[in-house]
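**Student:** When you get a sec, could you give me coordinates for this:
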Amino acid sequence: MDSPIACTLTEGQMRERRAKILEPFRSNTHLSEVLPGGYAYMFDAGTDALVHVARLVNLERQCCPFLSFAIRAVAGDATIRLEITGPPEAKELIADFFGS
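**Tutor:** You can find the predicted model right below:
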């Protein structure tokens, strides 16, 4: 059974998530790329970047079960890549929520 395209956060939880998690995510994204089913976001592989990306993924996968996340961190590479994809009707939501 497919998961509905709907976030389970309340409005208050969504405001808090945007302020504490998403705004730093957006400000640290240095490049985004359109994918067939969503978007890829690239970050400088600084000291805590991987921890912050993993925290975001852990939180979002709990409230948005219709999304898929893939983190790519290669040793020696200066960039961390996060791919967020979902069904076709989720692409606009991904762009709106995470940025495009």
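**Student:** only C-alpha atoms for contact and neighbour calcs from this point on.
**Tutor:** OK.
**Student:** From A6, how far off is L93?
**Tutor:** Distance from L93 to A6, counting by Cα to Cα, to the nearest Å: 9 Å.
**Student:** What of E16?
**Tutor:** From E16 over to A6 the distance is 18 Å, taken as Cα to Cα.
**Student:** Contacts for the top helix by length along the chain next, please.
**Tutor:** Within the chain, and with DSSP state H defining each element, the longest helix by residue count is helix 49-63. Helix 49-63 has contacts (Cα atoms under 8 Å, 6 or more residues apart in numbering) with 7-9, 21-22, 25, 43, 67-69, 71, 73, 80, 82.
**Student:** to the chain's geometric centre, what's the distance from it?
**Tutor:** 7 Å (Cα atoms, centre = their mean, to the nearest Å).
**Student:** residues of it that come out buried?
**Tutor:** 49-50, 53, 57, 60 (16 or more other Cα atoms under 10 Å).
**Student:** Which is the succeeding secondary structure element to that helix?
**Tutor:** Where DSSP states H and E defines the elements, the next helix or strand beyond helix 49-63 is strand 68-73.
**Student:** Give the pairing partners of the next helix or strand after that next one; include direction for each.
**Tutor:** Of the helices and strands lying after strand 68-73 in sequence (DSSP H and E), the nearest is strand 79-85. Note on strand 79-85: by DSSP bridges, its sheet partners are strand 38-44 (antiparallel), strand 68-73 (antiparallel).
**Student:** Tell me which of these sits most buried.
**Tutor:** Among the strands paired with strand 79-85, the stretch with the highest mean neighbour count (mean count of other Cα atoms under 10 Å) is strand 38-44, at a mean of 20.
**Student:** now it, how far from the chain's geometric center?
**Tutor:** Centroid displacement of strand 38-44 relative to its chain, using Cα atoms, centre = their mean, is 8 Å.
**Student:** could you check the angle helix 49-63 makes with it?
**Tutor:** Relative orientation of strand 38-44 with respect to helix 49-63: 150 degrees, computed using axes from the mean of the first three to the mean of the last three Cα atoms, to 10 degrees.
**Student:** What lies in contact with strand 38-44?
**Tutor:** 28-34, 49, 78-86, 90-91, 94-95, 100.
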